[in-house]
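Colleague: requesting a structural model of the entry that follows:
(one chain, ligands or ions: 1)
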Amino acid sequence: MSVMLKVRNIETYYGPIMAIKGVSFDILEGAVVTILGANGAGKTTILKTLSSIMDPEKGTIEFMGRRIEGLPPEKIVAMGISQVPEGREVFHDLTVKENLLMGAYLRNDRAGIKRDIDMVYDYFPILKDRTGQLAGDMSGGQQQMVVIGRALMARPKLLMLDEPSLGLSPLLVKEIYQIIERINQEHNTTILLVEQNAPMALSIASHGFVLELGRIVMDDTCQALMANEDVQEFYLGIK
Ligand code: ATP
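Modeller: Below is the predicted model of the structure:
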């Protein structure tokens, strides 16, 4: 597998506060990769930096051989990076279908858009049943499906998900994770997953990074991470 994303020494600030303190990592094309870390470790800030919602003060980000740091966010989306933000931010006053179409706002291939709406409905049949319903009236789990579907409508090569399991029932978490696996396998979409639910994330990812206070302290296969005593103690609740 070739390297899809190459991150080198990025530093990202909130005003004077350095949240990301020189982070470097690679993501291979077609992989499912997870970033583990406690509250406030900087996981969300890394995703925001990759999608250009925040600019790094230092460092470089290379996506499929091209430097992307500092580009406008819509350019990043057009190049094939989509983010599912934390908190299930649907457009409350738009229908499910209108929400999905918002994800395709940079596209004008009508037939392709229609095909991809059908693909989203295939992943999440409940969204097809509720296509005309206002997204704001849906349950938390259904809203999570809408935001994942909306991100897919941009046809991402790299899909980044921020805490997709937060606040969902264990059954729903399992369902969402099965879909994430299918998206990876059926469309060869590379996945970068930020999670506090470490057991779930490690169960589908092949590689993981552990982030502490803005620094990567472990970078290894998930198998090795799961065998690590610190990971077992702090992230898997074993012992
Ligand atoms: P969580 O799981 O709680 O979302 P996280 O690992 O995603 O945590 P970040 O949200 O990336 O962490 O936050 C990293 C650091 O940056 C934290 O110390 C946080 O307090 C700080 N931070 C985050 N957002 C802001 C902001 N808007 N202004 C100032 N500091 C912020």
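
Colleague: now the helices for the protein?
Modeller: Applying DSSP state H to the chain gives helices spanning 43-50, 73-79, 96-102, 110-123, 125-129, 140-152, 170-187, 198-204, 222-227, 229-234.

Colleague: I'd like those helices laid out as CSV, including mean neighbour count.
Modeller: (C-beta placed from N, C-alpha, C; glycine too.) What follows is the helices of the chain, written out as CSV (neighbours: other CB atoms under 10 Å):
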stretch, mean neighbour count
helix 43-50, 23
helix 73-79, 16
helix 96-102, 21
helix 110-123, 15
helix 125-129, 15
helix 140-152, 23
helix 170-187, 16
helix 198-204, 19
helix 222-227, 17
helix 229-234, 14
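
Colleague: nearest to residue 215 among those helices would be which one?
Modeller: Among the helices of the chain, helix 43-50 comes nearest to residue 215, with 11.1 Å by CB to CB.

Colleague: which elements pack onto that closest one?
Modeller: strand 3-14, strand 17-28, strand 32-37, strand 81-84, strand 158-162, strand 190-195 (3 or more CB pairs under 8 Å, 6 or more residues apart in numbering; DSSP states H and E).

Colleague: got a list of contacts for that helix?
Modeller: With contact meaning CB atoms under 8 Å, 6 or more residues apart in numbering, helix 43-50 is reached by 5, 7, 10, 12, 14, 19-20, 23, 35, 37, 54-56, 61, 69, 76, 81, 83, 86, 160, 162, 192, 194, 211, 214.

Colleague: swap in stretch 59-66?
Modeller: Contacts to stretch 59-66, defined as CB under 8 Å, 6+ apart, come from residues 4-11, 22-24, 49-50, 67-69, 76, 79-81, 157-158.

Colleague: residues near the residue nearest to residue 12 when sequence neighbours are not counted, how many?
Modeller: Distances taken as CB to CB, 6 or more residues apart in numbering place residue 20 nearest to residue 12, at 4.0 Å, with adjacent residues excluded. Neighbour count for residue 20, taken as other CB atoms under 10 Å: 27.
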